[in-house]
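# following is a predicted model, sequence given first.
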Amino acid sequence: MNNLDLLKKFITSILLILFLLIGNNSLSQEIIKPSDVKWYSIEEADSLLKIQAKPLFIDVYTEWCGWCKHMMKTSFAHKGIANYMNRNFINVRFDAETFDTLTFQNKTYTNPGEGNKPKHDLAKFLLNGRYSFPTIVYMGRDKKFYPIPGYKNVSELEPFLVYFAEDLFSSVNLHDFDRYFKCAYKKNFEEKVINAIPDSLRPDTTGNINWYRLAEAEKLSKQTGKLIFLSVYTSWCQSCRISDSTNYRINVIANIINENFIPVKFNAALTENLSFFGKAYKGGTKSGPHELTRAFLKQSFIMPTLLFINNKGQQLTELHGFVPPFSLETILSYFAEKAYTNKKYDDFRKSFKNKIRY
C-alpha cells in the first residue's frame, strides 16, 4: 500500500468518526414534539407547591436516554394521560445531568462534575443514588418521595397516577393497588400481564351486594337495628370504581355486608335534596358537594369514604381511601360482630382470622 492509499484510508477513517460523532450528537439533541402535559422547572414547581395542594410528578431523564424520549412520544403524548396529569399533579421534567444550580425545598443543589456523565446532586437526592432512566419520582402530599424506575406505557402508568393523585399511600401498598387496578381493568392490559398475577392473588368477583336507597336504609335500620354501611363516592374517583369492581364483588365481602348491614352507595355530588334521620340536606351544586356529604365527612374529602351509621343516625367511624380486600373483611367483621362496643380495633385485628388472602 503506497502513501496515497494510506492517506485516503486515513481521511476515510476521520470522516467516518466525524459522521458518527455528529450523528450521536444529533440524536442526543433530538427535538421531541411537546406533549399536552404542562411541564414546569423544578424551581417553578417548588413555588407552586406553596399555593397548590397537589402532589409533585417529576420525570427524571437524561439527554442520551432513548427510553426517556420514547416515553415523551408515547405515554406523555396520550391526551387522557396528559389531561389527568394536568388536573392532578404539578409536573416537572428534570435533566439528571444538568449543570444548573437549583434550589428546591429550601436547599441548594449543584452538579459537582465528577466522573463520566456526572449526575446532579438533586438527582442523587431524588433517586436515592440509584440511577436509572427514566425514573418518575412522586412527591405525595405527605412530603415523601417515591421513585418509580423504568419506562411505563399508558396502561402501566395509569395505576401509579391514580395511586398518588388520590393519596392512597396511606391506606394500601402500591404494588397491591397496581394488582387490584389490573384486575379491575383487565381489558386495558395484555393477557400475559393478567396471567402473570397468581390465582391466589386475584379477587373472587362472584359476589353481589344488594344496595339500598338512603331513605330505604334509614327505615330498615330503625326496624332491624342493623348498621347502615355507607360507601361515599364521586364520578371522578378512580379508586371508587376499583372498589366497585373488586371489593364489592368479592363473595366473602358481599356476604358479610348483605347479612349484617344495610348497604348504601352515596354520590357525594348528588344534586337531589334529601332528608336523613329528621334533617333536611340540600343537593350539591357546581360550587360544592351535597350538604349531607359535608355532614358525613368530618375528617377529609378523600374518596372513597366508608361510614358506619347506627339506627339513630349516629356516625360510628369514617374511613378514607381505597381499603384492600383483606383489610375490608376485617373492618366489616369488627362491626358485624359488634366488637366495636367492647374492644379496640387493633386488638380485634390481631386475633381475627381472615378468609381473604389478598
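Nice, I can see it.
# could you pull out the helices for the stretch 51-200 of the chain?
Remark: helices assigned in the stretch 51-200 of the chain by DSSP state H, counting those that start in this stretch are 66-73, 79-88, 121-126, 154-165, 174-184, 191-195.
# roughly how far out does the fourth one sit from the chain middle?
This means helix 154-165. Distance of helix 154-165 from its chain centroid, counting by Cα atoms, centre = their mean, to the nearest Å, is 5 Å.
# same check, this time on the fifth one
Helix 174-184 sits 10 Å away from the centroid of its parent chain (Cα atoms, centre = their mean).
# now render the helices of the stretch 51-200 of the chain as a markdown table, adding mean pLDDT and mean neighbour count.
In short, each C-beta sits where N, CA and C put it, glycine included. Listed next are those as a markdown table, based on pLDDT from 0 to 100; neighbours: other Cβ atoms under 10 Å:
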| stretch | mean pLDDT | mean neighbour count |
| --- | --- | --- |
| helix 66-73 | 97 | 17 |
| helix 79-88 | 96 | 15 |
| helix 121-126 | 98 | 20 |
| helix 154-165 | 96 | 21 |
| helix 174-184 | 94 | 19 |
| helix 191-195 | 92 | 11 |
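# out of these, flag the one nearest residue 337.
Closest approach to residue 337 among the helices of the stretch 51-200 of the chain (Cβ to Cβ): helix 174-184, 25.3 Å.
# list the buried residues for stretch 286-300?
Neighbour-count burial for stretch 286-300 flags 289-293, 296-297 (criterion: 16 or more other Cβ atoms under 10 Å).
# biggest separation within these, which pair?
Top of the distance list for the buried residues of stretch 286-300 (Cβ to Cβ): 291 and 297, 11.2 Å.
# out of the buried residues of stretch 286-300, which sit inside helices?
Counting by DSSP state H, the part of these found in helices is 291-293, 296.
# which one of those residues is nearest residue 109?
Closest to residue 109, out of all of these and judged by Cβ to Cβ, is residue 293, at 42.7 Å.
# could the ones in helices among the buried residues of stretch 286-300 be laid out in CSV, adding distance to residue 69 and pLDDT?
Shown next, in CSV, are those (distance: Cβ to Cβ, whole Å; pLDDT from 0 to 100):
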residue, distance to residue 69, pLDDT
291, 50, 96
292, 50, 96
293, 44, 95
296, 47, 91
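# tell me the spacing between residue 97 and residue 118.
7 Å (Cβ to Cβ, to the nearest Å).
# repeat that for residue 351.
55 Å.
# so those two - more neighbours on which side?
Between residue 351 and residue 118, residue 118 has the larger neighbour count (other Cβ atoms under 10 Å), namely 14 against 8.
# without its sequence neighbours, what residue ends up closest to that one?
The shortest distance from residue 118 to any non-neighbouring residue, by Cβ to Cβ, 6 or more residues apart in numbering, is to residue 111 (5.7 Å).
# on that earlier part again, now, among the ones in helices among the buried residues of stretch 286-300, which is nearest to residue 260?
Scanning these for proximity to residue 260, where the rule is Cβ to Cβ, the winner is residue 296, at 20.5 Å.
# does the closest one touch residue 228 like I think?
No. Using Cβ atoms under 8 Å, residue 296 and residue 228 do not qualify as a contacting pair, with a distance of 11.0 Å.
# which neighbours do those two share?
residue 307 (Cβ atoms under 8 Å, 6 or more residues apart in numbering).
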